[in-house]
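Asker: please work out how this folds:
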Amino acid sequence: MDADRALPRLAIVSSLYPPHLGGVERYTASLARALSGRFAVDVFCLNTERQPAEIVDCGVTVRYLPCIPAFGGRLPLPTIGALRTFEGWIDRLAPAAAVIQTRLYPLNAFAVRAFAKRRVPTLTIEHGTGYIDFHSAVFNCLWRLYERLLTGVFRRSGASFYAVSRAGLDWLANFGLQGAGVLPNGVSLADSGIAAKGMRSEVGVSDRDFLIVFAGRLLREKGVFDLAAAVRSQNDPSVRLVYAGGGDSRTEARLRAEPSVPFVGSLSHDRWLGLLQESDLLCLPTCYPEGLPTVILEAGLAGVPVVASPAGGIPEVVEDGVSGRIVPAGDVEALTAAIRDLRTDAGRRAALGAALRDRVRAGYTWDRIAEKTAAAIDRIRSEALR
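Answerer: All right, here's what the predicted structure looks like:
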């Protein structure tokens with residue numbers, strides 16, 4: 001407790017947080033833990049998963065606020081009482097600085113105004129690289145209007161803007177926002193030692209099979225059906241594809257109907273890392289507006305080669321022919337060919353996996369990212385004193 005008082009207090013606001021599943025959630029939890037030695041960290045999030053109102057996790061105090069879990073929990077709405085509680089905590093804690101994860105949530109827009117009113121230096125981290133496609137002209141139009149309105153709130157707040165990739169900085173420029181730098185997604189080197197064993201056997205894949213894995217939200221935009229088609233086109237029963245994740249129920253039902261494609265659903269972190277380490281290839285042929293997918297970095301940490309599309313920040317880590325293979329999103333023929341080429345060339349797979357591992361270890365570990373984030377926080381605190 002005494003050490004806590006000696007550290008400057010940092011408030012992190014992320015509407016979604018574990019145990020809710022998603023990339024922003026994992027990023028926020030990992031960043032909070034990595035910063036906990038430099039700051040007394042308080043995370044404010046919405047209680048989409050019926051958690052206790054307050055927990056302490058790896059030195060981080062997490063405060064879950066009441067909400068209405070709209071849109072299946074993907075766009076939770078804080079209650080009026082939650083907003084009052086949040087303001088009360090901010091007044092009581094008097095944070096030295098704040099970090100807000102993305103512009104896209106009502107709680108986050110409320111928070112950036114609350115911090116500006118109290119002159120708390122704030123930085124916002126952008127995780128997207130494009131508009132979400134709802135496959136409806138009406139919903140797409142409404143979403144773009146909603147995003148523009150929330151962005152206006154952030155612009156007027158005077159917050160600094162960062163992104164998890166250079167592609168994210170380009171996306172911010174579309175809204176007239178000048179990004180200050182990149183605070184990328186990352187992995188922990190300790191993760192390589194916690195992977196569960198025997199995952200091939202658990203999912204029904206033999207040691208002789210060529211194992212391809214996909215992990216993430218099971219959305220059509222993630223290229224899940226293109227990947228299934230590319231695996232079928234191999235015309236080889238020893239090429240096995242395993243999906244790990246959850247998502248749209250109709251997409252999930254269609255994937256479960258795929259012949260000879262094990263579907264394991266959401267996995268604990270250690271079991272997912274075990275499955276990844278025992279795989280031959282990770283494929284992510286997505287057209288979703290990705291920031292920088294964690295699974296790409298996890299594959300690098302495990303030395304597993306990657307075939308992916310050039311979505312968001314992926315090409316900033318996966319360089320075609322050097323640290324992986326890049327194929328156009330939606331091009332099943334190119335995806336089929338890339339899988340076939342790597343399936344038949346173990347030496348090439350090993351070289352690509354090793355190059356990706358070197359790249360991830362050099363620039364995408366949470367220790368390094370925490371250093372960059374702490375420097376960014378120190379910068380905005382110094383600017384606030386001028």
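Asker: SS state for residue 322?
Answerer: At residue 322 the chain is in coil, as set by DSSP: H, G, I helix; E, B strand; the rest coil.
Asker: nearest spatial neighbour of it, skipping sequence neighbours?
Answerer: In this structure, residue 322 finds its nearest non-sequential neighbour in residue 355, 5.7 Å apart by C-beta to C-beta, 6 or more residues apart in numbering. Just so you know, the C-beta spots here come from the backbone N, C-alpha and C atoms, and that holds for glycine as well.
Asker: give me the neighbour count for the one you found.
Answerer: 19 (other C-beta atoms under 10 Å).
Asker: residue contacts, it?
Answerer: Counting by C-beta atoms under 8 Å, 6 or more residues apart in numbering, residue 355 touches 322, 323, 324.
Asker: ok, 10 Å please
Answerer: 300, 303, 305, 318, 319, 321, 322, 323, 324 (C-beta atoms under 10 Å, 6 or more residues apart in numbering).
Asker: ok, now how distant is it from residue 326?
Answerer: According to C-beta to C-beta, to the nearest Å, residue 355 stands 13 Å off from residue 326.
Asker: returning to what we had before: pretty sure the residue nearest to residue 322 sits in a helix.
Answerer: Yes - counting by three-state DSSP, residue 355 is part of a helix.
Asker: helix or strand with the lowest mean pLDDT in this structure?
Answerer: helix 2-6 (a mean of 57; mean pLDDT, DSSP states H and E).
Asker: how far does the longest helix along the chain sit from the chain's center?
Answerer: Criterion DSSP state H: the longest helix present in the chain is helix 137-157. On the basis of C-alpha atoms, centre = their mean, to the nearest Å, helix 137-157 is displaced by 21 Å from the centre of the chain it belongs to.
Asker: give me the residues contacting it.
Answerer: 75, 100, 102-106, 108-117, 122, 124, 126, 128, 131-134, 136, 159, 161, 172, 174-177.
Asker: and those residues, which are buried?
Answerer: 75, 100, 102-106, 108-112, 114-116, 122, 124, 126, 128, 159, 161, 172, 177 (16 or more other C-beta atoms under 10 Å).
Asker: which parts of the stretch 101-250 of the chain are helices?
Answerer: Along the stretch 101-250 of the chain, the segments classed as helices by DSSP state H, counting those that start in this stretch run 106-117, 137-157, 166-173, 199-203, 224-232, 249-256.
Asker: reformat those helices as CSV; add distance to residue 386.
Answerer: Below are the helices of the stretch 101-250 of the chain laid out as CSV (distance: least, C-beta to C-beta, whole Å):
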stretch, distance to residue 386
helix 106-117, 17
helix 137-157, 18
helix 166-173, 24
helix 199-203, 54
helix 224-232, 50
helix 249-256, 51
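Asker: got the CA coordinates for the longest helix of the chain in CSV?
Answerer: What follows is helix 137-157, C-alpha atoms only, in CSV (Å, rounded to 0.1, in the frame of the first residue of the first chain):
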residue,chain,number,x,y,z
ALA,A,137,-26.5,0.4,-45.8
VAL,A,138,-28.6,1.9,-43.1
PHE,A,139,-26.5,0.5,-40.2
ASN,A,140,-23.3,1.4,-41.9
CYS,A,141,-24.5,5.0,-42.3
LEU,A,142,-25.7,5.2,-38.7
TRP,A,143,-22.4,3.8,-37.4
ARG,A,144,-20.3,6.3,-39.4
LEU,A,145,-22.4,9.1,-38.0
TYR,A,146,-22.0,7.7,-34.5
GLU,A,147,-18.2,7.4,-34.9
ARG,A,148,-17.9,10.9,-36.2
LEU,A,149,-20.0,12.3,-33.2
LEU,A,150,-17.8,10.5,-30.7
THR,A,151,-14.6,11.6,-32.4
GLY,A,152,-15.8,15.2,-32.1
VAL,A,153,-16.0,14.7,-28.3
PHE,A,154,-12.4,13.4,-28.2
ARG,A,155,-11.1,16.1,-30.5
ARG,A,156,-12.5,18.9,-28.3
SER,A,157,-11.0,17.2,-25.2
